[in-house]
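1. What would the 3D arrangement of this be:
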Amino acid sequence: MRKHLSVFMLAARFALWPTLIVSLAGAAATFYMLRSGCTPEIANIVDGQLFELAAKPVTVGALLLCALLMLPLRERGGAQPGYTLRRLSVSEAEVFFLQSAAYALAVFAYVMAQCAVCFGFGLWLQSNGGGAAGSLSVLAGFVNSSVTHAMLPMGDLAVYVRMACVYATLGMAAAYSAFMGRRGRFAISPFVVMALAAVGFAFRAFTGELGHNIVVLFFCGVICFGFISSVNSREKDEEDVEGED
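-> Predicted structure coming up:
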């Protein structure tokens with residue numbers, strides 16, 4: 001258990017600064033979009049139109065973070081990940097899963113930072129008479145906006161499950177790129193996953209649209225199964241080659 005925690009902390013350490021920098025930049029972009037788009041026509045936050053303006057910074061920032069996390073663990077800042085992994089004798093499959101968990105949490109942290117900006121801006125508008133539902137205006141706006149509903153699904157269990165799968169899939173995509181990078185190879189599939197996340201509205205959840213959630217869950221399941229199968233297959237092939245040598 002201790003060696004697995006060490007690998008997880010190593011991956012989290014490498015993900016810390018990219019997550020922090022992209023989260024701050026994304027928060028600034030989200031605030032700018034909300035502030036500049038806050039016209040009298042959409043100042044009423046109840047219908048959720050204002051929060052829809054956060055769609056681009058949320059999606060672009062999350063995918064940018066994934067791209068930064070795709071770099072393999074390299075020696076920098078006094079850390080020697082290659083030596084650490086060899087010393088801990090952790091299998092590559094275990095490293096892949098631990099990296100996936102750390103990177104999924106990194107994407108989740110980024111999205112929550114944008115959620116905090118939207119919620120704070122909504123509270124400011126609500127206190128200045130921008131909500132027709134009184135003290136429930138921000139919550140109503142979060143439910144009616146597909147962007148904020150994905151961030152904070154409230155009581156929508158299907159969206160909770162769907163977004164957890166989205167974070168896990170993007171975490172696996174970044175970890176798989178790192179897995180291949182440690183072998184001196186370049187993986188295209190993680191970038192395909194990022195493109196699918198962008199065009200498939202991975203960071204949007206429409207209230208009452210169960211079909212969209214099912215489609216996203218299906219693709220997430222297929223993608224994760226493909227990554228896991230590839231990692232296990234390559235690790236087995238490497239073990240067979242080492243055995244023959």
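
2. make it CA atoms for all contacts and neighbour counts henceforth
-> Will do.

3. Poorly predicted segments of this protein, please.
-> Within the chain, the ranges that satisfy pLDDT under 70 run 1, 40-44, 72-88, 130-133, 237-245.

4. Give me the residue at the spatial middle of it.
-> residue 107 (2.9 Å; C-alpha atoms, centre = their mean).

5. Quick one: residues contacting that residue.
-> 19, 62, 65-66, 167, 170-171 (C-alpha atoms under 8 Å, 6 or more residues apart in numbering).

6. Which ones among the residues you listed lie within helices?
-> 19, 62, 65-66, 167, 170-171 (DSSP state H).

7. of these, closest to residue 114?
-> Compare each of the ones in helices among the contacts of residue 107 with residue 114 using C-alpha to C-alpha and the shortest gap goes to residue 62, at 10.1 Å.

8. The closest residue in space to residue 142 that isn't next to it in sequence: neighbour count?
-> Of all residues not flanking residue 142 in the chain, residue 148 sits nearest, at 5.0 Å (C-alpha to C-alpha, 6 or more residues apart in numbering). If you count neighbours by other C-alpha atoms under 10 Å, residue 148 ends up with 29.

9. distance of residue 148 from residue 68?
-> Residue 148 is 24 Å from residue 68, where distance means C-alpha to C-alpha, to the nearest Å.

10. Kindly confirm my reading that residue 207 is in a strand.
-> No - counting by DSSP: H, G, I helix; E, B strand; the rest coil, one finds residue 207 to be coil, located in no strand.

11. count of neighbours near the residue lying closest to residue 154 once chain neighbours are set aside?
-> Once flanking residues are discounted, residue 154 sits nearest to residue 143: 7.6 Å by C-alpha to C-alpha, 6+ apart. Summarising burial for residue 143: neighbours were counted as other C-alpha under 10 Å, giving 25.

12. can you give me the strands for this protein?
-> For the chain, strands defined by DSSP state E do not occur.

13. the helices in it, which residues?
-> So, for the chain - with DSSP H - the helices run 2-36, 55-69, 81-88, 92-127, 137-144, 146-151, 157-181, 189-199, 210-244.

14. Identify whichever of those helices lies nearest to residue 45.
-> helix 137-144 (5.3 Å).

15. next one: that closest one to chain centre, how far?
-> Put simply, helix 137-144 sits 23 Å off its chain's centre (C-alpha atoms, centre = their mean, to the nearest Å).

16. Pull the residues that contact it.
-> Outside helix 137-144, the residues touching it (C-alpha under 8 Å, 6+ apart) are 45-49, 51, 119, 122-123, 126, 131, 133, 148-149, 152-154, 207.

17. now the angle from it to helix 92-127?
-> 130 degrees (axes from the mean of the first three to the mean of the last three C-alpha atoms, to 10 degrees).

18. Buried residues in helix 137-144, which are they?
-> 137-144 (16 or more other C-alpha atoms under 10 Å).

19. And for residue 167, the neighbour number?
-> 24.
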